[in-house]
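**Student:** below are the sequence and a predicted model for it; my questions follow.
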Amino acid sequence: EIYRGTNASMTDGASVGTVSDPNATLFTDTTLPSSGNVFYYRVYTYYNVTGKGTALTYSYFEEAVLRLYVDINSVSSTENGSKANPYKDLSDAIRNEAMAGTWVHVAKGTYNEAAASLSMWHKPGLVLEGGYDPATWTKNVLLNETIIDATGRGDWAVISFDNTTGNVIDGFTITNGFTNDQCPGVNIWQAASITIRNCKITNCNSGINVGENSSALIENCKIYGRKALGAGWSGINVWHGQAEIINCLARDNKIAGISVSDGSNASIRNCDILLNGQGGVHVYKSTLLIENSRVSQNTTQGIILMTDSNTTIRSCDITQNMQDGITVSDATFSIEHSRVFLNGVNGIAAGAKAGSSNRIFNSLIDGNQTAINLWGSSTSNFQIINNTIVNSGDYGNGGIRYSGVGNMIIRNNIIGPGGPYGINGGSSASQTITNNDSYGRTPSSNNYYNCGTDAGLNGNISADPVFDGGAGSFYLNQAASPCVNTGSDT
């Protein structure tokens with residue numbers, strides 16, 4: 001219904017007509033006066049929704065959005081989706097009453113969804129929000145836990161987005177989707193621009209699946225897997241899709257915390273990925289940026305980069321993983337401004353893809369058995385620049401080991417004691433080793449071993465760098481350090 005008035009507040013607004021065709025794009029005001037006044041128009045949108053035994057008309061001033069309310073603990077004998085008479089059954093509200101663009105506000109409580117998935121099939125723009133207090137219908141996710149419990153479910157996802165776009169789910173605990181190996185908490189399939197925010201997903205065989213050309217934003221979520229029970233998959237799976245994963249926790253999953261595969265493109269920012277059963281992050285034939293994140297205490301490797309993947313690791317802590325901090329197999333990588341420390345075997349173990357260009361720079365690699373262990377083909381190239389490498393173990397190879405690679409550039413690194421070798425060279429198409437400080441080994445020739453250079457050549461030295469050593473210093477050099485002003489421009 002269209003209203004017209006002579007002022008912006010519409011104090012004298014009056015109806016001038018209605019539009020019943022939902023596909024109409026033009027309304028003609030046939031009663032427009034001939035005077036030169038400025039007129040204001042407003043649109044009231046009405047939805048006629050048939051509830052359980054009760055008809056209710058929704059009217060929204062200047063807003064064509066249907067809002068439904070759900071409260072499992074409602075004592076009202078009437079259910080029509082209003083605040084006063086909310087639905088009790090969440091799946092019924094979504095399946096039968098919600099349309100494209102609906103906002104569904106869900107009050108605190110436990111909603112058992114054993115019968116079927118909560119499906120958003122062909123419902124673009126539908127927003128599902130939990131965390132509401134039904135007394136005031138105000139939202140507080142922390143105080144008003146809203147649980148979707150799939151106990152008894154025999155198949156598929158707890159919540160599914162299929163052939164839809166622009167949906168949001170916000171403020172739920174999603175649990176007990178584990179009756180078979182294919183039962184994720186949230187499944188996104190051929191769907192675009194899906195947002196999952198402020199959710200906790202626990203005791204499901206996998207947390208969130210993003211597949212088949214789907215795209216998703218996953219933000220402020222916690223995914224707890226079923227590793228302790230020897231069951232389940234990865235916390236977040238992205239395959240043939242795109243995902244932004246921000247401020248999330250992925251822990252205790254049987255496989256990986258986060259898996260990105262099969263032509264996907266993803267970013268991981270400000271996340272904690274820990275205590276997963278077969279690695280923190282897996283990347284296969286995909287592109288990934290992982291930034292400002294901690295990958296820690298995973299049972300095998302911290303980050304596993306596999307065939308034809310291209311990954312940038314920036315400003316991350318990769319620590320205390322049982323085997324390698326970062327493992328690379330037939331892939332391309334860049335490690336920047338990160339700390340790789342206290343991992344069980346190698347800090348970085350990289351067999352790079354033929355023809356690739358890879359780099360490790362401005363990073364601290366501390367307390368691993370071998371700091372950097374590189375191999376590949378005669379066309380796989382590496383740059384190792386501006387790193388501090390210290391405290392490698394006695395049972396590894398020490399600082400930097402390489403063999404069977406293409407062009408190798410090692411420049412401006414400090415390689416402290418630990419392990420038998422500082423730089424342990426092997427076959428390479430070419431090698432440029434300049435302006436490094438590798439020191440503290442006996443015999444001293446092991447500081448630069450089999451790499452075509454030695455202390456006193458090409459700006460390389462073997463001297464105590466005189467670290468500050470103060471608490472939290474992160475190996476800063478004192479003013480008297482022989483390394484100060486002796487590097488080369490990079």
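**Tutor:** Here it is on my side, so go on. Residues are numbered from 1 along each chain as shown.
**Student:** all strands for the stretch 351-490 of the chain, in order.
**Tutor:** Along the stretch 351-490 of the chain, counting by DSSP state E, counting those that start in this stretch, strands occupy 357-361, 364-366, 370-375, 381-385, 388-390, 398-403, 405-411, 414-415, 421-424, 428-434, 437-438, 448-449.
**Student:** how far out from the middle of the chain is the fourth one?
**Tutor:** Average the C-alpha atoms of strand 381-385, do the same for its chain, and the two points are 28 Å apart (Cα atoms, centre = their mean, to the nearest Å).
**Student:** give me the helices and strands touching it, please.
**Tutor:** Contact analysis of strand 381-385 by 3 or more Cβ pairs under 8 Å, 6 or more residues apart in numbering; DSSP states H and E lists strand 346-352, strand 357-361, strand 405-411 as its packing neighbours. Yep, even glycine has a C-beta here, placed from its N, CA and C like the rest.
**Student:** mean confidence for that strand?
**Tutor:** Strand 381-385 shows a mean pLDDT of 97.
**Student:** partner strands of that strand and their direction?
**Tutor:** Within its sheet, and counting by DSSP bridges, strand 381-385 is paired with strand 357-361 (parallel), strand 405-411 (parallel).
**Student:** now render these as TSV, adding distance to residue 162.
**Tutor:** Shown next, in TSV, are those (distance: least, Cβ to Cβ, whole Å):
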stretch	distance to residue 162
strand 357-361	39
strand 405-411	46
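**Student:** nearest to residue 297, out of those?
**Tutor:** strand 357-361 (22.5 Å; Cβ to Cβ).
**Student:** check the offset of the closest one from the chain's centre.
**Tutor:** With Cα atoms, centre = their mean as the basis, the mean position of strand 357-361 lies at 23 Å from the chain mean.
**Student:** so what touches it?
**Tutor:** Identification of contacts with strand 357-361 by Cβ atoms under 8 Å, 6 or more residues apart in numbering yields 328, 332-336, 348, 350, 352, 372, 380-387, 490.
**Student:** and if we set it to 7 Å?
**Tutor:** By Cβ atoms under 7 Å, 6 or more residues apart in numbering, the residues outside strand 357-361 that reach it are 332-336, 348, 350, 352, 372, 381-387.
**Student:** state the mean pLDDT of stretch 31-47.
**Tutor:** 67.
**Student:** and what of stretch 166-181?
**Tutor:** 86.
**Student:** go through the strands of the stretch 351-490 of the chain and pick out the most buried.
**Tutor:** Mean neighbour count (mean count of other Cβ atoms under 10 Å) peaks for strand 437-438 among the strands of the stretch 351-490 of the chain, with a mean of 30.
**Student:** same for that one, what does it pack against?
**Tutor:** Using 3 or more Cβ pairs under 7 Å, 6 or more residues apart in numbering; DSSP states H and E, the elements in contact with strand 437-438 are strand 414-415.
**Student:** alpha carbons only: can I get stretch 143-150 in PDB?
**Tutor:** C-alpha atoms of stretch 143-150 as PDB (Å, rounded to 0.1, in the frame of the first residue of the first chain):
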ATOM      1  CA  LEU A 143      23.800 -15.300  28.200                       C
ATOM      2  CA  ASN A 144      21.100 -17.000  26.100                       C
ATOM      3  CA  GLU A 145      22.600 -20.200  24.700                       C
ATOM      4  CA  THR A 146      20.500 -21.500  21.800                       C
ATOM      5  CA  ILE A 147      21.300 -25.100  21.000                       C
ATOM      6  CA  ILE A 148      20.400 -27.100  17.900                       C
ATOM      7  CA  ASP A 149      20.700 -30.700  18.900                       C
ATOM      8  CA  ALA A 150      20.700 -33.400  16.200                       C
END
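**Student:** for it, list every residue counted as buried.
**Tutor:** By 16 or more other Cβ atoms under 10 Å, the buried positions in stretch 143-150 come out as 144-150.
**Student:** gap between that stretch and the chain center?
**Tutor:** That offset, for stretch 143-150, works out to 23 Å (Cα atoms, centre = their mean).
**Student:** wait, a strand at residue 92?
**Tutor:** No. Looking at residue 92 with DSSP: H, G, I helix; E, B strand; the rest coil, it is helix, so not inside a strand.
**Student:** quick one: residue 246 from residue 269, how far?
**Tutor:** Distance, residue 246 to residue 269, using Cβ to Cβ, to the nearest Å: 5 Å.
**Student:** if we can go back for a sec, dump the strands of the stretch 351-490 of the chain to TSV, plus distance to residue 192.
**Tutor:** Shown next, in TSV, are the strands of the stretch 351-490 of the chain (distance: least, Cβ to Cβ, whole Å):
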stretch	distance to residue 192
strand 357-361	33
strand 364-366	40
strand 370-375	40
strand 381-385	37
strand 388-390	44
strand 398-403	44
strand 405-411	40
strand 414-415	48
strand 421-424	49
strand 428-434	45
strand 437-438	52
strand 448-449	54
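**Student:** residue 242: which of those is closest?
**Tutor:** Nearest to residue 242 among those is strand 357-361 (24.1 Å), distances taken as Cβ to Cβ.
**Student:** point out where the stretch 301-450 of the chain drops to low pLDDT.
**Tutor:** Scanning the stretch 301-450 of the chain with the threshold set as pLDDT under 70 gives no residue ranges.
**Student:** so which of the contacts of strand 357-361 is the closest to residue 158?
**Tutor:** residue 333 (35.1 Å).
**Student:** dump the residue contacts of that closest one.
**Tutor:** With contact set as Cβ under 7 Å, 6+ apart, residue 333 has these partners: 305, 311, 350, 358.
**Student:** closest to residue 136 among those?
**Tutor:** Closest to residue 136 out of those is residue 311 (46.7 Å), distances taken as Cβ to Cβ.
**Student:** Three-state assignment for the closest one, please.
**Tutor:** strand.
**Student:** what is the burial count for it?
**Tutor:** Residue 311 is flanked by 24 other residues according to other Cβ atoms under 10 Å.
**Student:** go ahead and confirm it touches residue 286.
**Tutor:** No. With contact defined as Cβ atoms under 7 Å, residue 311 does not reach residue 286; the gap is 8.4 Å.
**Student:** and the residue nearest to the spatial centre of the chain, how far from residue 159?
**Tutor:** In the chain, the residue lying closest to the centroid (Cα atoms, centre = their mean) is residue 245, at 2.2 Å. In this view, residue 245 and residue 159 are 18 Å apart by Cβ to Cβ.
**Student:** now residue 175
**Tutor:** 12 Å.
**Student:** do residue 247 as well
**Tutor:** Relative to residue 159, residue 247 is positioned 20 Å away (Cβ to Cβ).
**Student:** okay, those two: which has more neighbours?
**Tutor:** Using other Cβ under 10 Å as the criterion, residue 247 and residue 159 rank with residue 159 on top: 27 against 17.
**Student:** what helix or strand is the residue nearest to the centre of the chain on?
**Tutor:** strand 242-246 (DSSP states H and E).
**Student:** please tell me I have it right and residue 73 contacts residue 110.
**Tutor:** No. Contact criterion Cβ under 7 Å: residue 73 and residue 110 do not qualify, at 9.5 Å.
**Student:** more neighbours: the two, which one.
**Tutor:** residue 110 (14 against 11).
**Student:** per-residue confidence at the nearest residue to the more buried one once chain neighbours are set aside?
**Tutor:** Among residues not flanking residue 110 along the chain, residue 147 sits closest, at 4.3 Å (Cβ to Cβ, 6 or more residues apart in numbering). Per-residue confidence at residue 147 stands at 96 (pLDDT).
**Student:** who's in contact with residue 147?
**Tutor:** Contacts of residue 147 by Cβ under 7 Å, 6+ apart are 110-111, 173, 175.
**Student:** assign it to helix, strand or coil.
**Tutor:** Applying three-state DSSP: residue 147 is strand.
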